[in-house]
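Q: I would like the atomic coordinates for the input below:
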Amino acid sequence: MSLTNAQIRAIINEIENKYPVETWVMNDIHVWPLVRIQLSFELFYAGRNDSSNTIKKSGIIAALTPLKRVFKSIFAFCKAYITDLEHNASSDNLVDCLFLSYTIHRTLLSNKWFDKFCDPYVDALSALGLKSLVLEMSAKEEYRIPRYRQSKFIQPALEGVLIRSKCRGKRVSWHEELTGFAEMIESLKKINPEISMPAPENLRVKVVELIDLKAYFKRILAKVRPSIVFIAEYYSLCGMALILACRECGIRTVDIQHGVQGDDHAAYGFWTKVPASGYEMLPSVFWCWSDYEAGVLNKWNPDFQQIHRAFVGGNLWLDLWREEHSELVEYYDNILDRLKSMTGRVTHVLLTPSQLADMKEWIFTAMQASSAECFWWVRVHPSRFEQRDIVRDMLIKHGLNNVNLDHATDLPLQALLRHVDINVTASSSTVLDAECYGIPSVLTDISEITLFPEQIASGLVTTAFNAEELLDVIKGQTEKMGKAKHVLKTAPSNREVVKKFLLTCDEAVSI
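A: Just a heads-up that it's a prediction; the model follows:
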């Protein structure tokens with residue numbers, strides 16, 4: 001049986017209340033953030049089986065898989081490095097700002113791959129006369145080129161660090177304080193004995209990797225000497241390692257919001273216990289899209305907001321689409337107007353699954369039943385492009401001809417949202433994007449509804465758990481909201497927002 005986000009939050013809250021998690025230290029590092037986030041993912045995925053990704057392998061094949069992945073990673077890097085040579089950045093020059101991001105954050109924009117989380121900041125900083133360097137990771141042997149701006153591919157270096165880390169792991173000397181840790185593990189086994197427990201020996205492996213990655217990032221920091229570091233998704237192991245390196249170097253770090261950040265998100269909500277000096281692996285600043293996310297961070301513990309503060313700066317990628325008559329907006333409006341006119345349908349529905357398991361059989365039933373009135377734009381998650389052909393096979397199997405998969409996946413989400421009437425998803429943060437355009441969303445997974453309390457309260461988000469409910473909601477919401485091109489309200493320029501943020505920093509970058 002799978003757990004809801006609210007149930008996972010309750011379990012973690014109980015652990016924080018019962019055990020001195022803020023005192024758990026390994027080699028001078030407070031490890032609770034590492035444990036908390038790993039545990040939340042383990043609890044979430046326990047009982048959720050994505051059968052298409054569960055393929056049994058023989059012992060020999062399983063043993064060779066890591067080696068095969070390393071070779072694929074090296075080949076993908078070399079190909080991307082040479083093919084997109086002009087966009088390879090150097091880490092030998094001084095910069096004002098450093099960024100850490102993933103290839104999967106890129107979206108195709110006018111034939112170049114634009115990092116929707118980092119590039120808007122880099123553009124704004126450049127307009128202010130400041131230099132930036134983007135470090136780009138690629139966890140899936142994938143590189144999206146040509147890039148919009150220069151970046152430095154670092155995945156091969158990271159792989160090398162992790163390989164060396166595994167070789168030296170048993171030679172590391174330890175001093176640790178984990179009062180109550182063993183008792184916590186025993187209590188978790190009663191909840192679900194099948195989850196991968198954060199045992200001390202496994203945690204030591206992660207901490208060694210963290211320390212070695214930190215050393216790698218410190219070498220880069222020593223070369224480029226940034227005044228501030230931005231990270232898209234701080235709670236990856238590499239993100240935490242860079243934050244740890246920055247903390248030791250006295251450099252401010254900023255987490256860029258990249259999706260849903262509610263009370264039930266372990267990386268952002270319900271931090272009830274914090275050491276006096278804060279957690280070394282958490283950023284100095286959380287850049288939030290709205291007051292809601294900032295409130296989530298601020299309300300749990302007064303000490304938290306003093307050490308790890310929130311800044312409401314908005315979504316800079318979204319703000320690029322606010323200019324109704326910009327060349328960018330007009331270019332994609334023309335494409336979508338043409339594609340929509342070819343469908344011959346009145347209502348346009350955006351389907352945004354986060355994983356294959358979200359493609360439930362009853363959703364296909366609703367798509368079939370609505371073929372005369374509705375056209376469905378099925379968007380594969382940006383981090384799972386490799387699943388496109390699997391989704392395509394699903395659509396063909398169900399005989400659907402009122403569907404566009406490739407344009408829905410390849411075109412920018414913001415371009416699509418200006419032209420669809422409703423968004424259907426299990427849990428995707430597209431709910432927040434759709435809200436900005438005044439577009440209603442339908443949630444199809446009951447375990448995820450606590451992620452969007454404000455949107456549900458406003459009536460802009462509702463639920464459907466079978467085909468009949470989904471068809472009724474689509475009809476009702478589109479009749480209520482109407483069918484028109486959705487335009488964003490104007491907002492301050494990205495340049496002004498970034499300038500305002502830099503001025504709030506104690507050690508502001510000179511602008």
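Q: residue 100 is in what secondary structure piece?
A: Per DSSP states H and E, residue 100 falls inside strand 97-102.
Q: helices or strands next to that strand in the packing?
A: Packing partners of strand 97-102 (3 or more Cβ pairs under 8 Å, 6 or more residues apart in numbering; DSSP states H and E): helix 119-127, strand 132-137, helix 200-224, strand 228-232, helix 237-249. Placement of C-beta: from N, CA and C, glycine included.
Q: what's downstream of the last one, the next helix or strand?
A: By that I understand helix 237-249. Using DSSP H and E, the helix or strand that follows helix 237-249 in sequence is strand 252-256.
Q: okay, that next one in CSV with CA atoms only?
A: Provided in CSV are the C-alpha atoms of strand 252-256 (Å, rounded to 0.1, in the frame of the first residue of the first chain):
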residue,chain,number,x,y,z
ARG,A,252,26.1,32.6,-0.1
THR,A,253,24.0,29.9,-1.8
VAL,A,254,20.5,30.2,-3.4
ASP,A,255,18.1,27.4,-4.2
ILE,A,256,16.0,28.3,-7.3
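Q: that strand pairs with which strands?
A: Partners of strand 252-256 in the sheet, by DSSP bridges, are strand 228-232 (parallel), strand 285-288 (parallel).
Q: how would you label residue 311: helix, strand or coil?
A: When classified by DSSP: H, G, I helix; E, B strand; the rest coil, residue 311 comes out as strand.
Q: contact partners for the closest residue to residue 486 other than its chain neighbours?
A: When the adjacent residues along the chain are set aside, residue 486 lies closest to residue 437, with 3.8 Å between them (Cβ to Cβ, 6 or more residues apart in numbering). Applying Cβ atoms under 8 Å, 6 or more residues apart in numbering to residue 437 gives the contacts 417-418, 486-488.
Q: go again with 10 Å.
A: Neighbour list for residue 437: 318, 321, 414, 416-420, 423, 485-488 [criterion: Cβ atoms under 10 Å, 6 or more residues apart in numbering].
Q: from those, which ones fall inside helices?
A: Members of the contacts of residue 437 lying in helices (criterion: DSSP state H): 318, 414, 416-417.
Q: neighbour-wise, which one of these leads?
A: Most neighbours among these, by other Cβ atoms under 10 Å: residue 416, with 27 neighbours.
Q: domain parsing for this structure?
A: As assigned by automatic domain parsing, the chain contains the domains 1-49+61-319+491-511, 327-481.
Q: export those domains as CSV, with columns for mean pLDDT.
A: Converted to CSV, those look like this (pLDDT from 0 to 100):
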stretch, mean pLDDT
domain 1-49+61-319+491-511, 91
domain 327-481, 94
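Q: what's the farthest-apart pair in the ones in helices among the contacts of residue 437?
A: Farthest apart among the ones in helices among the contacts of residue 437 by Cβ to Cβ are 318 and 416. That separation is 13.0 Å.
Q: so what sits against both of the two?
A: Shared contacts of residue 318 and residue 416, counting by Cβ under 10 Å, 6+ apart, come down to 433, 437.
Q: distance check, the residue lying farthest from the centre of the chain against residue 343.
A: Ranking residues of the chain by C-alpha distance from their mean position (Cα atoms, centre = their mean) puts residue 372 at the top, at 35.5 Å. The gap separating residue 372 from residue 343 is 12 Å, by Cβ to Cβ, to the nearest Å.
Q: against residue 272, how distant is residue 195?
A: 22 Å.
Q: between those two, which is the more surrounded one?
A: A direct count of neighbours by other Cβ under 10 Å for residue 195 and residue 272 places residue 195 higher, at 18 against 14.
Q: does the more buried one touch residue 46 like I think?
A: Yes. Between residue 195 and residue 46 a contact is recorded at 4.7 Å, counting by Cβ atoms under 10 Å.
Q: got the CA positions of the helix or strand hosting residue 368 in PDB?
A: In the assignment (DSSP H and E), residue 368 maps to helix 361-369. Output of helix 361-369 as PDB, limited to C-alpha atoms (Å, rounded to 0.1, in the frame of the first residue of the first chain):
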ATOM      1  CA  GLU A 361      -6.400   2.900 -18.100                       C
ATOM      2  CA  TRP A 362      -9.400   5.000 -17.300                       C
ATOM      3  CA  ILE A 363      -7.700   8.100 -18.600                       C
ATOM      4  CA  PHE A 364      -7.400   6.400 -22.000                       C
ATOM      5  CA  THR A 365     -11.100   5.500 -21.700                       C
ATOM      6  CA  ALA A 366     -11.900   9.200 -21.300                       C
ATOM      7  CA  MET A 367      -9.700  10.200 -24.200                       C
ATOM      8  CA  GLN A 368     -11.500   7.700 -26.400                       C
ATOM      9  CA  ALA A 369     -14.900   8.800 -25.300                       C
END
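Q: mind listing what residue 486 touches?
A: Counted by Cβ under 10 Å, 6+ apart, residue 486 has contacts 417-421, 434, 436-439.
Q: most widely separated two among these?
A: Pairwise over the contacts of residue 486, using Cβ to Cβ, the maximum falls at 421 and 436, 15.4 Å.
Q: roughly how far does the residue nearest to residue 486 sit from residue 179?
A: Distance, residue 437 to residue 179, by Cβ to Cβ: 50 Å.
Q: follow-up on the earlier one: got any residues that touch both of residue 372 and residue 343?
A: The contact sets of residue 372 and residue 343 overlap at residue 402 (Cβ under 10 Å, 6+ apart).
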